[in-house]
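# Kindly return the folded structure for what I paste below:
(7 chains)
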Amino acid sequence: MASIKPLGQRVLVKRLEAEAVSAGGIVLPDTAKEKPQEAEVISLGTGGKDDEGKTIEFTVKVGDKVLISKYGGTEVKIEGTEYLIINENDILGIVG
Amino acid sequence: MASIKPLGQRVLVKRLEAEAVSAGGIVLPDTAKEKPQEAEVISLGTGGKDDEGKTIEFTVKVGDKVLISKYGGTEVKIEGTEYLIINENDILGIVG
Amino acid sequence: MASIKPLGQRVLVKRLEAEAVSAGGIVLPDTAKEKPQEAEVISLGTGGKDDEGKTIEFTVKVGDKVLISKYGGTEVKIEGTEYLIINENDILGIVG
Amino acid sequence: MASIKPLGQRVLVKRLEAEAVSAGGIVLPDTAKEKPQEAEVISLGTGGKDDEGKTIEFTVKVGDKVLISKYGGTEVKIEGTEYLIINENDILGIVG
Amino acid sequence: MASIKPLGQRVLVKRLEAEAVSAGGIVLPDTAKEKPQEAEVISLGTGGKDDEGKTIEFTVKVGDKVLISKYGGTEVKIEGTEYLIINENDILGIVG
Amino acid sequence: MASIKPLGQRVLVKRLEAEAVSAGGIVLPDTAKEKPQEAEVISLGTGGKDDEGKTIEFTVKVGDKVLISKYGGTEVKIEGTEYLIINENDILGIVG
Amino acid sequence: MASIKPLGQRVLVKRLEAEAVSAGGIVLPDTAKEKPQEAEVISLGTGGKDDEGKTIEFTVKVGDKVLISKYGGTEVKIEGTEYLIINENDILGIVG
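Have a look, this model is predicted:
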């Protein structure tokens, strides 16, 4: 399978369908406010660097279900499936 | 119960009803100025990192009643209840 | 009494009435420029952190009369009295 | 006399009249460019902090005649006299 | 052949044709969102400097297929072929 | 003579007339681009501070002919002569 | 010959004619995108300072042919010839 290794502190995520979401108990609100979306972490980036040049570890790991900002990230399609490349800082939380 | 672990220095809070608020003595003013809202801290994030890569400790703790900016944070609904994911820096104060 | 502990380098202040102000000798000018307001420091925040993670000490102390920017801070009402939560950096000076 | 201790790296200055200015030899130009104003330093602030938490020393001292940006600072009236609270960084130079 | 050595943390890349892209399995989506583009790394820059003056190593290497933001980089033509000079930070990921 | 000691990393310069400029060989172009102006350094400031609190040395010295941005600096008139107070960072180069 | 020593991390460059450029193999594209221009480095600046106050070395050297952003730098004419003063960070690459 063709794959993408995100650069730096970015991660590759796959959005979860609304149906799957409601089953898991997380329902996104129906208001004018910015709404997050559930997604699954598919792969981690090469890692960002801190001020001393050391690679920053990721807080999320592959397989984590995460909440992401609806308008965050960049879409990319791999072998017919849509993914998002998003900076880890733009992940709001991990769904447990 | 499905739960959300906020990422970094974010916290998950639940807004308190206006009725409960007035009973506790904190009444939000009726002017054109930005009005804070009372909320309860439900869970703490994974912790932000300082310049040396150490996890920053939270000042608020689970159960704290806090004042938050009316327009701060991102709404998320878990099993039918609305919550907010908000950066700790956007919490104005702890109601004691 | 219900109370609020401001978070970080914020302080809780109570605006002083214009009458009390003129008695104390500080009169705010009548021009188009930004006008500061006198206020009394009611409580200090939990303390901000410097780059090394140490809590920054406050320069103002409880009871200080201070000049604040007219449009600075966030209003909050506690048991019928209006207060302001304001960052210490937005306090212009201490009235002595 | 009521007094004001400016907070941080701010100073309290009193604008000098245009008459006194022309006598001293400094005349402000008559063009469309931003025009500085002469003022006298009345009191120094409590001192700003550098990155290591040490108080930064002031370059100006009480009694210095300084040039300030025409639109800099915040006006405040003490016992009938107008003053300005201005950040030391916004002082252009010392008139010697 | 005339060549260009990008300055600092920039790299020289050559966009891949859409045909080649679909063969490799990466298809860019057909929505209103910002769409990345596939490109091949032709040469690395002279290297940026970190806060201590050391040259930052590149994460990508010559020959890597990368995803870049559609509007990132600056076009340049060398002997009839179009290239892009782009900052490594604007590379979204490496196609593997 | 009344004088001005610029504060921090600022310098006091005096614009050179266009006639004198053409004699010296530097002619400013006649296009729509931002045009620099020639000026002579009259006095140096008190010196800016680096991150460790040490005074930064000036690169220019009194008497240097410099090129400055046409719209940089603040005008001030001393005993009938116009000067500019300008940050050293806004000096483009030294005319040698 | 009158000369200019650029201040800090700036360099003095001279734009190369389009004719000379095409001969050398670098042709600038004919699209709506920002187009770089070829130029020759005439002289280096006095050198910028890093956070520790040390002079930063230049990556380019006198005589280098460089690509610069079309809208970068400030024009200046010396003895009838047009030059540009440009920050080294705005040089895209070295033509080799």
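# In chain A, which strand is the longest?
Longest strand in chain A, counting residues (DSSP state E): strand A:36-44.
# quick one: is it near chain E?
No. Strand A:36-44 stays clear of chain E (CB under 8 Å from any CB of the partner chain), getting no nearer than 8.9 Å. Backbone N, C-alpha and C define where each C-beta goes, glycine included.
# Now do whichever helix or strand comes after that strand and strand A:36-44, the angle between them.
Remark: after strand A:36-44, the chain's next helix or strand is strand A:65-69, criterion DSSP states H and E. Calculated by axes from the mean of the first three to the mean of the last three CA atoms, to 10 degrees, strand A:65-69 forms an angle of 120 degrees with strand A:36-44.
# rewinding a little: name every strand pairing with the longest strand of chain A and say which way it goes.
strand A:10-15 (antiparallel), strand A:65-69 (antiparallel) (DSSP bridges).
# can you tell which of those strands is closest to residue G:54?
strand A:10-15 (33.1 Å; CB to CB).
# export stretch A:69-83 as CSV, just CAs?
Taking C-alpha atoms only, stretch A:69-83 is exported to CSV below (Å, rounded to 0.1, in the frame of the first residue of the first chain):
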residue,chain,number,x,y,z
SER,A,69,-10.8,20.8,14.7
LYS,A,70,-13.3,20.6,11.8
TYR,A,71,-11.2,23.0,9.7
GLY,A,72,-7.8,21.8,10.7
GLY,A,73,-5.4,19.7,8.5
THR,A,74,-4.9,19.1,4.8
GLU,A,75,-6.9,16.5,2.9
VAL,A,76,-5.1,13.8,0.9
LYS,A,77,-6.4,10.6,-0.8
ILE,A,78,-4.4,7.4,-0.7
GLU,A,79,-5.7,4.5,-2.9
GLY,A,80,-9.2,5.9,-2.9
THR,A,81,-9.4,6.6,0.9
GLU,A,82,-9.4,10.2,2.3
TYR,A,83,-7.0,11.1,5.0
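# so for that stretch, what's the average pLDDT?
The pLDDT scores in stretch A:69-83 average 83.
# Repeat that for stretch A:17-29.
Mean pLDDT, stretch A:17-29: 51.
# Please name the nearest non-neighbouring residue to residue A:54.
Leaving aside its sequence neighbours, residue A:54 sits nearest to residue B:53 (CB to CB, 6 or more residues apart in numbering or on different chains; 7.1 Å).
# shouldn't the one you found be in contact with residue A:53?
No. Counting by CB atoms under 8 Å, residue B:53 stays clear of residue A:53, with 11.4 Å between them.
# where do the contact lists of the two overlap?
Common contacts of residue B:53 and residue A:53 (CB atoms under 8 Å, 6 or more residues apart in numbering or on different chains): none found.
# Residue A:40 against residue A:67, yeah?
No. Assessed by CB under 8 Å, residue A:40 is found out of contact with residue A:67, at 11.4 Å.
# Neighbour count for these two, which is higher?
Each of residue A:40 and residue A:67 has its neighbours counted (other CB atoms under 10 Å in any protein chain shown); residue A:67 has more, 23 against 17.
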